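**Student:** Sequence plus predicted model, see below.
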Amino acid sequence: MKRWKHIIGLVLFMGFFIANGSRTTAQTVTDSLFSRGNNWYHNKQYEKAVACYERVVALGYESADLYYNLGNAYYKQKQFALAILHYEKALLLKPGDQDIRLNLSLANAHIVDRIDNIPEFFLKRWIKGIQNTFSPNQWAPLCLVFLVLAALSFSAYFAARNLMVKKSGFISGVFLLFFALLSLYFMYSRIHDIRDHESAIILTPVINVRSSPDEQSTNVFVLHEGLKVVVTDSVQNWKEIRIANGNKGWVPGHVLGAI
Amino acid sequence: MYRIQIIILLFISGCVHAQTVQFTAEAAPNVLEVGEQFTLTYSSNQAYEEFTPPEIHDFDLLGGPMEGHSQNFSSVNGKVTTSSSYQYSYFYRATKEGKFTIPSATLKFKNKIYKSNVVNIEVVKGSQQRPSHSQNVSDQVQDNGSSGINPDDLFVRLVLDKKQVFIGEQILATVKIFTKLRLAGINYSFKGPDYTGFFIDPIETPALRTLQREAQGGDIYYTGVVRRVMLIPQKAGDITIQPFDVDVAVERTSVFDLDVPARLLSKPVKISVKSLPENAPVTFKGAVGKFSIASSLNNTNIKANEPLTYKLTIRGTGNLKLINEIVVNVPDEMEIYDPVINTRFDNALTGSKTFEYMIVPKTAGSFNLPAVAFTFFDVESGQYKTIQTQSYQIHVAKGENDSVFDASSPVNKEDVKLLSRDIQYIKTNSVRLSRKDSFFGCTPLFYFACLMVIFLFVLFLLMRKRLIRQQSDVAGLRLRKADKYARKRLKSCEALLKQGNDSAFYEEMLGAFWDYLSHKLNIPVSALSKESAGIALKNRNINQELIDQLFDVTNICEMARYGHGGGVEKQQLYRNAIAVITLLHQKLR
């Protein structure tokens, strides 16, 4: 009896934690900024809308919708590179969103560089596809649900007298446990993607990509704004980038906007 | 008071400024032989108050000072200007040869002291003959054949300002006629010297009107420059400029004589040309001399695709004409066009060359227009020198129609379809903003929840284990309880069995059974029959085996009661009855 009391107490304590973190004054400020930005956008005052949204971002808050709206406001001002950057950020948080995907493809239609993608291995693509179905904060409860179900299944396996119940309990338990681990992996892989800022968008109209991190080195190729690149290395203020067709080169860090 | 003074000063200075004081000294002639006279004249455009001549000991004063005054009116486009000249003149005779300098004189005008320039005078020993006047040319012509002119009296020379030069260094070559005779004319279209190996840049030479007095080899000649040329050597080595000839006519001495033609032959001139040192920097493009470079940019804040004018000016002395290239580097984001080149000469040697470039930035951004390095070979020090312009930071704003998004980019059909579409509207339904980088999966809560699930599962397993143990205990207990219950029910039977009262034993046994079933199955004894009890027991999930066993016991009891089956062991029957009731009791509860 004493042990149960302890556990209930802990759960209550954690619950208190969540409840406490959910609503703060900062959040109401950002919410109002966000809705003000929406109003400006509605009234076609895109610059002011951008200012409002950017303040929310500066305060350290984010959401897929915020980035999506910010991308829209930039798009309306014909700043396609910044629009793409924010759509990509939004997509990272909410990969399944059709609106974001559509607007991103519209913005991408405006950029100069057309680089052929090297198609990824189909299995990797599938796994990425599954992984991107949910955001990390959706994967986490999913993982917990699977874990609970797995625990229940195994409990059934242990508790049941009936052989059928026992069998099905064991099999479903194994599968559910596998799913739980898989969603755990997907969650951390997504978190890694979001935190790592592995990809970036070129924000300068034209940039010479150099063969080494040096102003004097030879130009390898030229890229234009709005292109998505992968940052593979970094030396001081220089970043090594890889574009979709596999070519590599160095650019000064300030020309990139990390996703 | 102070202010009034300033106003007065301004007024005075204004007056003075209107006519500044010019005070010059001049000696004529300034090249002369011993015993010759010359005039030293000081002239000023203002009537002075006080004039102090310098002290002169090198010459004999013959006369002076003579004061003079002249006034000059001129009318240009109806505007009349007046200029006055006040002069002091002295007459001197040269007594000894040498080069002399007459120091400056001073002049006082409106309480201010002005100084004249210094005057240089060269005195040569001189020949006994007076030039040209006393000479009987026609006599000489007859004496010396066709030319008949003493070559010491009339000759032509190619005069170079230097004879030891580097490749690319400028040489001023002058064709000069020296004469003691009066010349009637010169054929200017003579075939000039052959300047092979040189870049030739002719210099405009005015037609000869007056000859200058010049000392040459202890004699005084009248000299005239016939032709001037700038030479720039193109190859190293000793170069000899071959002699050339000029046709002249010497003036007749009397009305009845004819002008005497003469052909003058120059002397060969040797020039040694040194090659430039090997270690030339990359930026050296052949400039030799002494130069400075300046740059200017008309604007540093412009929009993309608008032109910038970038001007580089090289000024100095040297082979300006041969400088045709400057290495100008611009950022890759800019386009530079070929320059417009302008050359302007201040005089024969110095001048400036302007390279005007048009630069068009193609994209927005902040760019550095690097410094331009210009290297020339400095003749004086014999070394390469590199000079640099300043660098410029250019801020380029986005142009009106930026070419980056123009039709130049290849757009496929799909893109055209996309480009015509508008984006989806923003999301306005209230979203939950979360702090950046706040992932539930990384919070302790998540870890706690995961551990909690596992912990609860393990706890469940442990609990279940204990329960099973307890349950197994309960079964044993129940068995014991049921056994006890059955024995209690059949207690009277046991007593009768010991007494040996057979019929009462069977009676009692049957009664106990029916009593038990009626009690357990909730069926009144009156309604109880074998069939109804069997159905009820079946409904309570009692297996057929046990039911058969039960009815076996009751059948035996019934049969024995009515005197049949005497062979049944009573003890065995009793034990069977106990076992049946115990089992039933366990199942029925």
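**Tutor:** Thanks, I have it.

**Student:** Quickly list what residue B:199 is bridged to.
**Tutor:** When assigned by DSSP bridges, residue B:199 has beta-bridge partners residue B:232.

**Student:** Do I have it right that it meets residue B:231?
**Tutor:** Yes. Counting by Cβ atoms under 8 Å, residue B:231 is a contact partner of residue B:199 at 7.3 Å. Where C-beta positions appear, they are placed from N, C-alpha and C, glycine not excepted.

**Student:** and residue 123, what element?
**Tutor:** Just going to use chain A. Following DSSP states H and E, one finds residue A:123 within helix A:122-131.

**Student:** The chain in question should be chain B.
**Tutor:** strand B:119-124.

**Student:** Give the partner strands of that strand in its sheet and their orientations.
**Tutor:** strand B:31-33 (parallel), strand B:98-102 (antiparallel).

**Student:** Turn these into a markdown table, including mean pLDDT.
**Tutor:** Converted to a markdown table, those look like this (pLDDT from 0 to 100):
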| stretch | mean pLDDT |
| --- | --- |
| strand B:31-33 | 77 |
| strand B:98-102 | 81 |
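
**Student:** Among the ones you listed, show me which one is buried the most.
**Tutor:** Mean neighbour count, computed with mean count of other Cβ atoms under 10 Å in any protein chain shown, is highest for strand B:31-33 among the strands paired with strand B:119-124, reaching a mean of 21.

**Student:** any idea which helix or strand comes after the longest strand seen in chain A?
**Tutor:** The longest strand of chain A (DSSP state E) is strand A:228-235. The helix or strand immediately downstream of strand A:228-235 is strand A:238-242, counting by DSSP H and E.

**Student:** Report the buried residues of that following strand.
**Tutor:** If you call a residue buried by 16 or more other Cβ atoms under 10 Å in any protein chain shown, then strand A:238-242 has these buried ones: A:238-241.

**Student:** how does chain A divide into domains?
**Tutor:** A:2-108, A:122-196, A:199-258 (automatic domain parsing).

**Student:** Any idea which of those gets closest to residue B:542?
**Tutor:** Closest to residue B:542 of the domains of chain A is domain A:122-196 (Cβ to Cβ; 18.7 Å).

**Student:** and that closest one, how far apart are its ends?
**Tutor:** End-to-end distance for domain A:122-196, by Cα to Cα, to the nearest Å: 24 Å.

**Student:** quick check: mean pLDDT across it?
**Tutor:** Across domain A:122-196, the average pLDDT comes to 88.

**Student:** from the chain's centre, how far out does that domain sit?
**Tutor:** 21 Å (Cα atoms, centre = their mean, to the nearest Å).

**Student:** close to chain B, is it?
**Tutor:** Yes. Using Cβ under 8 Å from any Cβ of the partner chain, domain A:122-196 reaches chain B at A:136-137, A:139-141, A:143-144, A:147-148, A:151, A:154-155, A:158-159, A:184, A:187-188, A:191, A:194-195.

**Student:** Near residue B:576, how many residues? Count them for me, please.
**Tutor:** Per other Cβ atoms under 10 Å in any protein chain shown, the neighbour tally for residue B:576 reads 16.

**Student:** Can you name the helix or strand that residue 41 falls in?
**Tutor:** In the absence of a named chain, this looks at chain A. Counting by DSSP H and E, residue A:41 is found in helix A:25-42.

**Student:** not what I meant, chain B
**Tutor:** Applying DSSP H and E, one finds residue B:41 within strand B:37-44.

**Student:** try residue B:428
**Tutor:** Applying DSSP H and E, one finds residue B:428 in no helix or strand.

**Student:** Contact partners for residue B:327?
**Tutor:** By Cβ atoms under 8 Å, 6 or more residues apart in numbering or on different chains, residue B:327 lies in contact with B:282-283, B:285, B:372-373.

**Student:** What subset of those residues is buried?
**Tutor:** B:283, B:285, B:372-373.

**Student:** just checking, next helix/strand downstream of the helix or strand where residue A:175 lies?
**Tutor:** According to DSSP H and E, residue A:175 maps onto helix A:163-196. Sequence-wise, the next helix or strand downstream of helix A:163-196 (DSSP H and E) is strand A:199-202.

**Student:** Pairing partners for that following strand, with directions?
**Tutor:** The strands that strand A:199-202 pairs with in its sheet are strand A:228-235 (antiparallel), strand A:256-258 (antiparallel) (by DSSP bridges).

**Student:** can you list contacts of the helix or strand just after that strand?
**Tutor:** Next helix or strand after strand A:199-202 toward the C-terminus (DSSP H and E): strand A:206-210. By Cβ under 8 Å, 6+ apart, the residues outside strand A:206-210 that reach it are A:217-225, A:241, A:249-251, A:255, B:332-333, B:362-363, B:404.

**Student:** Generate a PyMOL selection restricted to the buried subset of these.
**Tutor:** Filtering the contacts of strand A:206-210 down to the buried ones (16+ other Cβ under 10 Å) takes a single PyMOL command:
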select buried, (chain A and resi 223+224+225+241+249+250+251+255) or (chain B and resi 333+362+363+404)
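
**Student:** So which of the contacts of strand A:206-210 sit within strands?
**Tutor:** Judged by DSSP E, those include A:219-224, A:241, A:249-251 as members of strands.

**Student:** where does the residue nearest to residue A:172 when sequence neighbours are not counted fall, helix, sheet strand or coil?
**Tutor:** Spatial nearest neighbour of residue A:172, chain neighbours left out: residue A:153 (4.5 Å); criterion: Cβ to Cβ, 6 or more residues apart in numbering or on different chains. Following DSSP: H, G, I helix; E, B strand; the rest coil, residue A:153 is assigned to helix.

**Student:** and residue B:86, what are its phi and psi?
**Tutor:** phi -110, psi 130 (degrees, to the nearest 10).

**Student:** Next, work out how far apart residue B:381 and residue B:349 are.
**Tutor:** Residue B:381 sits 18 Å away from residue B:349, taking Cβ to Cβ, to the nearest Å as the criterion.

**Student:** So what are the sheet partners of the helix or strand hosting residue B:386 and their directions?
**Tutor:** In the assignment (DSSP H and E), residue B:386 maps to strand B:383-388. Using DSSP bridges, the strands paired with strand B:383-388 in its sheet are strand B:373-378 (antiparallel).
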